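Novice: generate a structure from the sequence data that follows.
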Amino acid sequence: MKIRELFDQKTVFSFEIFPPKKTSPIEVIYDTLDELQGLKPDFISVTFSAGGSGNGGYACEIASRIKKSGITPMIHLPCINYSKDEINATLNEIKARGIENILALRGDINPNIPPKQDFHYASDLISYIRSQGKFDIAGACYPECHPDADNLVEDIMNLKKKVDAGADHLITQLFFDNDTFYDFREKAALAGINVPIEAGIMPVVNKNQIERMVTTCGASLPRKFVKIMQRYEHNPEALRDAGIAYAVNQIVDLVASGVDGIHLYTMNNPYVARKISEAVSGIIGL
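Specialist: Predicted structure coming up:
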């Protein structure tokens, strides 16, 4: 099923997972995957190495396993470190496995890996995928501005290029202040971006996790969130439960405000995904 069709039916609720490193057997993800599939999300996206961990083959295999379980899969496809021939090979494998949904990304730039020259931006990849078959294509967006953009206006103009190139819907990077998302959504609409935007939510369950993610994506931390971190940073179980509660409160507010969907960054943690799914099942209709 093409994911774009789901947005016409309901508030979409989806998960993201990541494959094991190539040095680990793929089987280590199977128990986690089984538990997440049992929660019946609308789709599960699978990350794909932007170059370095070499787990791209795992991503295709995991997406195929998700499809066989009856859940719609989406596979991430970064381009900055892949040639056109390599992208073609991956698209052919995706087609052969009957996978219809792709999240097209530039990918993180690795200073140790010289970027390839065929695709410089996600919009280039989206346009190319659109020419290669009838895929459902998602794009990524940053409510607080992409780290490489000079300002949010420039970033939204670049986002409009992704939509004009053929992105069917969008998924945001994580954020912790819903007002930031609402402001971004309004600016996107004013720029003529009229595709569904799914809000990316990451439940924070340990201090190291949030410090790493904020450094990577530049998400700001509201005062309320910082107080939670400071109060419970030395009590792992309390911090986990507080992080889950904070994410649930975000989701409730977002759904009440008419969000198109919620994309839960599970960090391969079925316990956290289950607790959040149970808490929001009534308002989302799981």
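
Novice: so L77 belongs to a strand, correct?
Specialist: Yes. Under DSSP: H, G, I helix; E, B strand; the rest coil, L77 sits within a strand.

Novice: where does the stretch 1-150 of the chain have low pLDDT?
Specialist: Within the stretch 1-150 of the chain, the segments meeting pLDDT under 70 span 49-56.

Novice: check contacts around I262.
Specialist: Neighbouring residues of I262 by CB atoms under 8 Å, 6 or more residues apart in numbering: 11-14, 198-199, 201, 251, 254-255, 280, 284. In this view, the C-beta of every residue, glycine as well, is placed from N, C-alpha and C.

Novice: so what touches stretch 88-96?
Specialist: Outside of stretch 88-96, the residues within contact range by CB under 8 Å, 6+ apart are 56, 60, 63, 75, 77, 82, 102, 129, 132-133, 135.

Novice: hmm, 6 Å instead?
Specialist: The contact list for stretch 88-96 (CB atoms under 6 Å, 6 or more residues apart in numbering) reads 60, 132.

Novice: centre of the chain versus it, how much separation?
Specialist: A distance of 21 Å separates the centroid of the chain from that of stretch 88-96, by CA atoms, centre = their mean, to the nearest Å.

Novice: cool, stretch 141-156 as well?
Specialist: Using CA atoms, centre = their mean, the offset of stretch 141-156 from its chain centre is 17 Å.

Novice: mind checking the end-to-end distance for it?
Specialist: Taking CA to CA, to the nearest Å, the first and last residues of stretch 141-156 lie 8 Å apart.

Novice: that stretch: which residues count as buried?
Specialist: For stretch 141-156, a neighbour-count test (16 or more other CB atoms under 10 Å) marks 141-146, 152, 155-156 as buried.

Novice: how about stretch 61-71?
Specialist: In stretch 61-71, counting by 16+ other CB under 10 Å, buried: 61-67, 71.

Novice: follow-up on the earlier one: let's have the buried residues of stretch 141-156 in a markdown table, adding distance to F18 and secondary structure.
Specialist: Shown next, in a markdown table, are the buried residues of stretch 141-156 (distance: CB to CB, whole Å; DSSP: H, G, I helix; E, B strand; the rest coil):
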| residue | distance to F18 | secondary structure |
| --- | --- | --- |
| C141 | 20 | strand |
| Y142 | 19 | coil |
| P143 | 22 | coil |
| E144 | 22 | coil |
| C145 | 24 | coil |
| H146 | 21 | coil |
| L152 | 28 | helix |
| D155 | 25 | helix |
| I156 | 28 | helix |
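
Novice: quick one: which two of those residues are the most distant?
Specialist: The span of the buried residues of stretch 141-156, defined through CB to CB, is set by E144 and I156 at 11.9 Å.
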